[in-house]
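Trainee: what would the 3D arrangement of this be:
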Amino acid sequence: MKVITVIFKHDKVDLGYGDLVAITLPSGRKYIDPDGNEYPSITTVLGASGKESLQKWKDRVGEEAANAIGFRASNRGEAVHELIEKYLDNEELPQVMPHIMQSLNSLKPFLHRIGTIYAQECPLYSKHLGVAGRVDCVAEFDGKLSIIDFKTSLKPKKKEWISKYFMQETAYAIMWEERTGKPITQLVTIMDVDDNEPLLFIEHRDNWAKQLLQTIDDYKNPKPVVISTLDLEPLKEFNVHDVDAKILKERAEAEAIEIHSKDSTRKDRTLEEITLATMYGHAAEVWLLQNGFKDDIRKYKDLFEPDGTAIEVKVTQTDRYIPDVLNRCREAKLQTFRDYPDRVYVYVNDRQSPIYKLHGPFNWSGSEFI
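Mentor: The predicted structure follows:
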């Protein structure tokens, strides 16, 4: 087998300073620029909006298991990052554990698309954004100047799950342009995945700038979370046999007819199959209607609480899927044109039992549903 030797070209950009002083506090990491100004790290800013979800995950899997998973992921991530950096620097590679070397080897087809490298592990800051951070790599990728970020993951990830990666890279692109005067619009995420093929995501900076600015503003100006004062006890659990069957069928059939009318949503299913699927979700809505909630007749809307607060109602098969459900709701909420509600009710039903159980409601914090 022929061994391909790649020599990476470097053209380091002089930013006018060496490193930035970094301070790690319980509240997160801060950087100090050459003029003495302090900036929170972009990872701290983006991580602040996920603390509640992280704690719920820890509560679900247990503190000890969560710490073990986090420790393993962190150690592997650091080792893979260090090896990639040496490889791109054309250095002799050290002896490492086989699975770490395998990670590098699996990423090489993507790494070999990197052209001239202008910075690696480079400290950046932006007075405009009011944040700082350390970018993995600034280089040409497929001939285009790019922010390149290297990630590791225990499982494959979908684009809609990793919006924070793209916001982080957008921040680096803005910082780079502010420091050098050279704009970067291409964002490249190269991800090594345990026991799977690596993933590549290529995004445009301008698709994520608005969301980034909103997230930074939410971090600096946290908004109070509006909590429902509704008595949730009657809503926590219900038997589908207690739901008004006639209303349930009418609502499910109305949606099923609309879904069945379009090739893109029908997906070779019969009207009867779609009706059964929609009944699964509509059962929770009908139960809430029977308990004083009101219909929101606007298109693609669900219900109002008795006090008039708009809500979204979701049903999923297991509580393990709730983080994914809330993440999709978050993505919808951030699309401001959709006028998405500030409160989400999630019911869990395994499609075998007649019992539906309520989780939440989850309230919009300004950056996520908690």
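
Trainee: which strands and helices sit next to the helix or strand containing Gly115?
Mentor: Per DSSP states H and E: Gly115 is located in strand 114-126. Packed against strand 114-126, as judged by 3 or more C-beta pairs under 8 Å, 6 or more residues apart in numbering; DSSP states H and E, are the following elements: helix 63-88, strand 131-141, helix 163-180. The C-beta positions use only the backbone N, C-alpha and C, and glycine is treated the same way.

Trainee: export these to TSV and tack on mean pLDDT, distance to Leu326 and mean neighbour count?
Mentor: Below are those laid out as TSV (pLDDT from 0 to 100; distance: least, C-beta to C-beta, whole Å; neighbours: other C-beta atoms under 10 Å):
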stretch	mean pLDDT	distance to Leu326	mean neighbour count
helix 63-88	70	18	15
strand 131-141	97	25	23
helix 163-180	97	13	23
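
Trainee: which among the ones you listed is found nearest to Ile216?
Mentor: strand 131-141 (6.4 Å; C-beta to C-beta).

Trainee: just how off-centre is the closest one within its chain?
Mentor: Counting by C-alpha atoms, centre = their mean, to the nearest Å, strand 131-141 is centred 20 Å from the centre of its parent chain.

Trainee: between it and strand 114-126, how many degrees?
Mentor: Using axes from the mean of the first three to the mean of the last three C-alpha atoms, to 10 degrees, the inter-axis angle of strand 131-141 relative to strand 114-126 is 170 degrees.

Trainee: please report phi then psi for Lys12.
Mentor: Dihedral angles of Lys12 (phi, psi; degrees, to the nearest 10) stand at phi -60, psi 130.

Trainee: output the lowest mean pLDDT helix or strand found in the chain.
Mentor: Using mean pLDDT, DSSP states H and E, helix 51-61 stands out as the lowest-scoring helix or strand of the chain, at a mean of 49.

Trainee: count of residues packed around Glu121?
Mentor: Around Glu121 there are 12 other residues, counting by other C-beta atoms under 10 Å.

Trainee: right, I mislabeled it, should have said Met191
Mentor: The number of residues packed around Met191, counting by other C-beta under 10 Å, is 20.

Trainee: what's the following helix or strand after the helix or strand where it lies?
Mentor: Secondary structure assigned from DSSP H and E places Met191 in strand 186-193. Note on strand 186-193: by DSSP H and E, the next helix or strand toward the C-terminus is strand 199-204.

Trainee: just the mean pLDDT for that next one, thanks.
Mentor: For strand 199-204, mean pLDDT rounds to 97.

Trainee: got a list of contacts for the strand holding Met191?
Mentor: Residues outside strand 186-193 that contact it (C-beta atoms under 8 Å, 6 or more residues apart in numbering) are 80, 103, 106-107, 110-111, 141, 144-157, 162, 165-166, 169-170, 173, 198-205, 208.

Trainee: can you show me the CA trace of that strand as CSV?
Mentor: As requested, C-alpha coordinates have been extracted for strand 186-193 and formatted as CSV (Å, rounded to 0.1, in the frame of the first residue of the first chain):
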residue,chain,number,x,y,z
GLN,A,186,-16.5,29.7,5.0
LEU,A,187,-16.8,27.6,8.2
VAL,A,188,-15.5,24.0,8.2
THR,A,189,-16.2,21.5,10.9
ILE,A,190,-14.2,18.2,10.7
MET,A,191,-15.6,15.7,13.2
ASP,A,192,-14.1,12.3,14.2
VAL,A,193,-16.8,9.9,15.4
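
Trainee: quick one: distance of it to the chain centre.
Mentor: 14 Å.

Trainee: tilt between it and helix 163-180?
Mentor: Using the same axes, to 10 degrees: strand 186-193 against helix 163-180 is 140 degrees.

Trainee: pull up the pairing partners for strand 186-193, direction included.
Mentor: strand 144-153 (parallel), strand 199-204 (antiparallel) (DSSP bridges).

Trainee: fine, thanks again, bye for now.
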